[in-house]
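Engineer: would you be able to build a 3D model of this:
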Amino acid sequence: MRKNYWLVFALVLIVPAMMFTVSCAKKAVEAEPTVSETPAQTEQPAVETPAETQPEQGMSEDELAEQQAAMEKQRAREMFMNEDIYFDFDSSALLPAAQQVLNAKANYLLDNPNALVTIEGNCDERGTEAYNIALGQRRADAAKDYLINLGIDPVRIDTISYGEERPVDPAHNEEAWAKNRRDHFVLR
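Structural biologist: This is a model prediction of the structure:
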């Protein structure tokens, strides 16, 4: 009878303790990201981790510096092409936010003297096709003139107007129209 008592005692105490230990371990693994982390914060270590581990793989400091410079150059190129400037309705006047973006683009072009750019002027769907083509061209020309005033050689800049042909957002509301009134920049 004492054997049964110890067996029951062991089952009652040890099995729940083991289950508690196992379940706690799973919860700790699942709770890695915190609410306060932003996507940029969680992505950044992923970018830095390979660079930190590569010296262990036989890369010299010079090779590592070259690779990091190439990665930085690629990031700058992507930022240049992915950041559009926006306009008010029926206007080709550069807004202060657009001027800040163009200042950064001018710095990129000055740092990369072989880079050539095409500025694509775009409009929302309101207005006639001919009017929107002309407005898109005025918008692209406004950005080009601003870059030229910052010291970029005009030979390096082409412009084209797509009018309303290439909307970013095809919806028919003010939010979509605001996204479509833009200049887009393409390095060639």
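Engineer: spell out the residue ranges of the strands in this structure.
Structural biologist: Under the criterion DSSP state E, the chain contains strands at 85-86, 117-122, 157-163, 182-187.
Engineer: pick the most deeply packed of these.
Structural biologist: strand 117-122 (a mean of 22; mean count of other C-beta atoms under 10 Å). C-beta: built from backbone N, CA, C; applies to glycine.
Engineer: distance check, G163 against L102.
Structural biologist: Distance, G163 to L102, by C-beta to C-beta, to the nearest Å: 21 Å.
Engineer: with D90 instead?
Structural biologist: In this view, D90 and L102 are 21 Å apart by C-beta to C-beta.
Engineer: just R126 next, same as before
Structural biologist: From R126 to L102 the distance is 25 Å (C-beta to C-beta).
Engineer: same question, M71
Structural biologist: Distance, M71 to L102, using C-beta to C-beta: 25 Å.
Engineer: likewise I152?
Structural biologist: The gap separating I152 from L102 is 10 Å, by C-beta to C-beta.
Engineer: more crowded one of these two?
Structural biologist: L102 (24 against 21; other C-beta atoms under 10 Å).
Engineer: residues touching the residue lying closest to the more buried one once chain neighbours are set aside, list them.
Structural biologist: Nearest non-adjacent residue to L102, counting by C-beta to C-beta, 6 or more residues apart in numbering: Y146, 5.0 Å away. The contact partners of Y146, by C-beta atoms under 8 Å, 6 or more residues apart in numbering, come to 94, 99, 102.
Engineer: ok, the last one touching A143?
Structural biologist: In other words, L102. Yes: using C-beta atoms under 8 Å, L102 is in contact with A143, at 6.1 Å.
Engineer: what touches both of those two?
Structural biologist: In contact with both L102 and A143: 85, 94, using C-beta under 8 Å, 6+ apart.
Engineer: need the per-residue pLDDT for V155.
Structural biologist: Listed pLDDT for V155 reads 98.
Engineer: tell me how far it lies from E66.
Structural biologist: Between V155 and E66 the distance is 30 Å, computed by C-beta to C-beta.
Engineer: likewise for N173?
Structural biologist: Counting by C-beta to C-beta - N173 and E66 are separated by 48 Å.
Engineer: same check on C123?
Structural biologist: Between C123 and E66 the computed distance is 43 Å (C-beta to C-beta).
Engineer: same deal with A178?
Structural biologist: A178 is 42 Å from E66, where distance means C-beta to C-beta.
Engineer: any idea which helix or strand in this structure has the lowest mean pLDDT?
Structural biologist: Of all helical and strand segments in the chain, the minimum by mean pLDDT, DSSP states H and E falls on helix 39-53, at a mean of 39.
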